[in-house]
Structures are given as C-alpha cells and as structure tokens.
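Predicted model, plus sequence, below.
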Amino acid sequence: MDYEVVIGLEVHLQLSTVTKLFCGCPTKFGAPPNSQTCPVCLGLPGVLPVLNEQTVAWGVRVACALNATIGQIMKFDRKQYFYPDLPKSYQISQYDQPLAQHGHLDIVVDGQPKRIGIRRIHLEEDAGKLLHEASATESFVDFNRTGVPLLEIVTEPDLRSANAAYQYLTELKAILEYLDVSTCNMEEGSLRCDTNISLRPPKETTLGSRVEVKNLNSFRAVKLALEYEATRQAVALDGGGSLPQETRLWNAKAQRTEPLRSKEEASDYRYFPEPDLVPFTLETALVERLRQTLPELPAQRRSRLQSAYQLSAYDAQVLTQSRVLADLFEGALRCGARPKPAANWIMGELLAYLNAKGLEPSAVKLRPEWLAHLVELIAQGTLSGPMAKTVFLQMVERGLDPVQIVAEGRLAQIVDPGALERVAEEVVQANPKSVADYRSGKVSAFTYLMGQAMKRSQGKANPQQMAELLKRTLST
C-alpha cells in the first residue's frame, strides 16, 4: 500500500549568549569538564534562578523572523524526568505559555512552494553530557552544558517527505545565521534536531503511531533516518503488524534506526509552573523594537539578488543559503566584479573546496576584493581557466591576494605573439609524424600538438592564441 508520510521536527538551538539561561556561568565550548558550573546550574538547595534578558530578546527576534505570535503572558515550567545528566531531576522549560506560537516558514520542495507551520517556540535550559569514552566499565558526566540556553522550534506535522525536512532545516539554519543568534554548529551541539514520523493510508486524517528519532548530527543524517523509517514502517504495516509509539536512535554506522525507549507523553513529565520564576509579559513596544532590528532575511535577499543582478532563482538560492557566501558575493561586486563570474566561482570552486574539506563557509577567510581581482585577472587574459583554479586554491589556503600569488609564482598567462610563435615552431619541429598526420587530414593530430604546445608553455599559453598560431605555423 502507498502511505502518506507525516513528519514533524523539533530543533534545539543553543543561543550564543556569554552566560547561561539562569546563572552567570560561561557557555564557552570545549572547557574542561565541570569547570563552568555553579550552585544555580547544579541545582543545589536554596539557590534561585535569574532569567538572562538577552535570551528573551534573541528568542523574540527568531519568533518574528518565523512569523510567530509572541505570547502576551509567558511563564516557565518544571519538566520532571530522571537522568544522570540532569542534576535537579527536572528541566526548566516552557509548556502551556511559551515565548511564541503559530508561526510559519515557506520553503520550496521539488520546485513547489510549501508553507510549514511552526507550532511553538520556547526557551529552556540544556542538560549535561554523559561521557562514555574514558572507561569501558564506567560513564562520567560533564555538567558544563547544564543551564545553557536553548530555543526549541517545533513544527506542525506538515512535512511529507525526507527531502522536505531537509529543505526546511536548510532554510531555517540560513535564517538563524542571518539573525546571528547562534553558531548553528551541529558538531558542537549548538543545533540539534529530533524528528517525529508516522505513516497513514491515503485520505486518512488520523495520525498514525508516532516514532521519534534522535542522535542526528547532520541534516544528511536527518534525511537518511527519515527515509529509513518511512520504509521500515511501511514494511511493518504491509505485513499486518502494528507500530508502537517509541523513541529510536539513528545508528549512522549501520544506517538504521534502533529502539531506545517507549515514547513519553506530556503527562509523563508532570509539568507544573516554576515557582522561582514568576509569569511575565513583554511590552508591545519592546517587541516592535526588536522586530525592527531584523536584518534582510534569506528570502528577501534572494528576491533582491535576482532583481538587482539578473541571477537565476537557482543561483540566488545557493548564494543566500549562507550569509557568509552572500556577503562575499555582494562584497566582490562592490569591488568591481561582474555578477555571473563572481557567482560561478563561489558556487563552483569555493563550495567544492568546502565540501571536500568538510568546512563551513565561515572557516575560509576569503576577502571580497580577492575574488574581484581573480575575476578581473581572468577577464584581462592574465589567467587561463586552469591557471585561475590553481591561483584560487592558493588564495583560500594561503590567504593571499591573487595579484600577489601571480607575481610571486610568475603565473601570468603568455599572450605575447612572439613568444607563442616560438612555442609553435618548436612543437612543429619536435613532432614531424603528428605534423604529417595533421597535414594529411587527421584532425585528431592537432589535439596532440596543441597539448604539446601547452605543455611546453607550462600551461601559461593563452589557449585561443596558441591554437591560432599553431594552425598558422602548420599551414606554412
């Protein structure tokens, strides 16, 4: 049977504040275990939490960017559960009166626009981290993350494929990077995603048994896990079996999900209002001031780039998925680069380099004026295509202006007719058989001779000029 796939996502975003949600402990990543804790985040008796004002302001900005309604009254709640990395045996979160609700995010899936509802956006504190690598028989706990501010963004079950989930996460991450409220680094845990997936027969309105999938450390893992789950659940239903409501882990090595525990309901957490933090309101004027601080978001920038620079929808989409890439592109244009060549170098060589190295765009310190200089060197004929690729690689790895790289390495393209004529003459004299083959009508012989000419010039000859002069020499 064909089934409709129903997917909802829960994104946990670590806000890049200097201190934690309810205390003054630092949030720096990579500190020695348990070196960034205090009685408040450890939940010792008699301590009182104090809300970090910056987290509320940044949460409001995210909510505005996602078209959500800010709560008139919001409060914090205690979410009860017992786990070794939760020192208080409860987590301070928000339940029935969150920061914001009823938002949406527009994406494009398989060329078609799709609006994904945002059910809720709320603040909560993070738990600690269990460490299993130090011993084969014991586990340890690091409480540095305890109390780190998280913003949870929960969708409606509006996604209908793994690809749609991937597109949603890509667009959401771009928005969050433009807002500059988080590093969005999944390897460091500053952006985490849990998925909920169920299947139901076509035209059925009741949701099927919901399976939550955790342990997803990349958007690709999210896509693979959802594809696997959709297949696994369909096979089980086709066989007449039932699916329990459960939480499963993604095993990246085995490329499958595995059972973890039965799925909790809200009642299992026994929510009740946090007695040490009173309900509060946000003034409408404050919310509007924060709304006015929103930057140009990806969708707006995408539309402007298409209009201002005649870019295709695809080019604008790729460039605006990262604020760093979009800034590099427009910065290069301000330095004199032409739009299409600048876009091609970013989408081609730069993205290929980043993918090969497994790097984010922010990891490469590439100045806009360098990219503009590279484009100009090509336009002037100073660099051929292959030479430009060599210069580009040095540019990103050494952090140098291509003009300097060309000068240092004597990499400029040979365009002097006299020098090229000498190369042509040397090639003709050194390859009499190929010359005879060419003159007898074997066109393929010219390709060989051209290759020899480029080899003799160490790849520096202008290909068009070299070809013309070589043909002229062969005809004499």
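Thanks, I have it. Residues are numbered from 1 along each chain as shown.

Next, the buried residues of the helix ranked longest in the chain.
If you go by DSSP state H, the chain has its longest helix at helix 219-238. Applying a neighbour-count criterion of 16 or more other C-beta atoms under 10 Å, one finds 219, 221-230, 232-233, 237 buried in helix 219-238. Any C-beta I mention is one placed from the backbone N, CA and C, and that applies to glycine too.

isn't G459 right up against P386?
Yes - at 6.0 Å, G459 and P386 qualify as touching, with contact defined as C-beta atoms under 8 Å.

These two: who's more crowded?
G459 (15 against 12; other C-beta atoms under 10 Å).

tell me the SS of the more buried one?
coil (DSSP: H, G, I helix; E, B strand; the rest coil).

how about it, what does it touch?
Neighbouring residues of G459 by C-beta atoms under 8 Å, 6 or more residues apart in numbering: 384, 386-387.

Roughly how far does it sit from Q404?
20 Å (C-beta to C-beta, to the nearest Å).

now do F272
F272 is 65 Å from Q404, where distance means C-beta to C-beta.

just to revisit the earlier point, continuing past the longest helix of the chain, what's the next helix or strand?
strand 246-251 (DSSP states H and E).

Just list what that next one packs against, helices and strands only.
Applying 3 or more C-beta pairs under 8 Å, 6 or more residues apart in numbering; DSSP states H and E, one finds that strand 246-251 makes contact with strand 211-214, helix 219-238, strand 256-262.

any chance of these in JSON lines, plus mean pLDDT and distance to D2?
What follows is those, written out as JSON lines (pLDDT from 0 to 100; distance: least, C-beta to C-beta, whole Å):
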{"stretch": "strand 211-214", "mean pLDDT": "94", "distance to D2": "19"}
{"stretch": "helix 219-238", "mean pLDDT": "95", "distance to D2": "9"}
{"stretch": "strand 256-262", "mean pLDDT": "90", "distance to D2": "21"}
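
Quick one: closest of these to A467.
Taking C-beta to C-beta, helix 219-238 is the member of those nearest to A467, at 43.7 Å.

I would like the residues contacting the lowest-mean-pLDDT helix or strand in the chain, please.
Least confident helix or strand, the chain: helix 402-409 with a mean of 79, by mean pLDDT, DSSP states H and E. With C-beta under 8 Å, 6+ apart as the test, helix 402-409 has contacts from 370, 373-374, 377, 382-383, 391-392, 394-395, 398, 411-412.

Just the buried residues of those.
370, 373-374, 377, 382-383, 391-392, 394-395, 411-412.

Filter these down to just the ones in strands.
Counting by DSSP state E, none of the members of the buried ones among the contacts of helix 402-409 fall within strands.

Could you export these as a markdown table, including distance to L351 and pLDDT?
Below are these laid out as a markdown table (distance: C-beta to C-beta, whole Å; pLDDT from 0 to 100):
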| residue | distance to L351 | pLDDT |
| --- | --- | --- |
| W370 | 17 | 95 |
| H373 | 20 | 94 |
| L374 | 16 | 94 |
| L377 | 21 | 87 |
| T382 | 24 | 77 |
| L383 | 20 | 78 |
| V391 | 18 | 89 |
| F392 | 12 | 93 |
| Q394 | 18 | 88 |
| M395 | 15 | 91 |
| L411 | 24 | 59 |
| A412 | 27 | 58 |
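
Beyond the helix or strand where L105 lies, next helix or strand please.
Assigned by DSSP H and E, L105 falls within strand 100-109. Next helix or strand after strand 100-109 toward the C-terminus (DSSP H and E): strand 112-125.

Mind listing what's buried along that following strand?
Buried, per 16+ other C-beta under 10 Å, within strand 112-125: 114, 116-125.

what's the domain layout of this structure?
According to automatic domain parsing, the chain is divided into the following domains: 4-289, 296-409, 417-474.

starting at the chain centroid, how far to the shortest one?
Its chain's average C-alpha position is 47 Å from that of domain 417-474, according to C-alpha atoms, centre = their mean, to the nearest Å.

Kindly report the same for stretch 331-345.
Counting by C-alpha atoms, centre = their mean, stretch 331-345 is centred 23 Å from the centre of its parent chain.

neighbouring contacts of that stretch?
Contact with stretch 331-345 is made by 309-311, 315, 319, 329, 367-369, 371-376, 378-379, 392, as judged by C-beta under 8 Å, 6+ apart.
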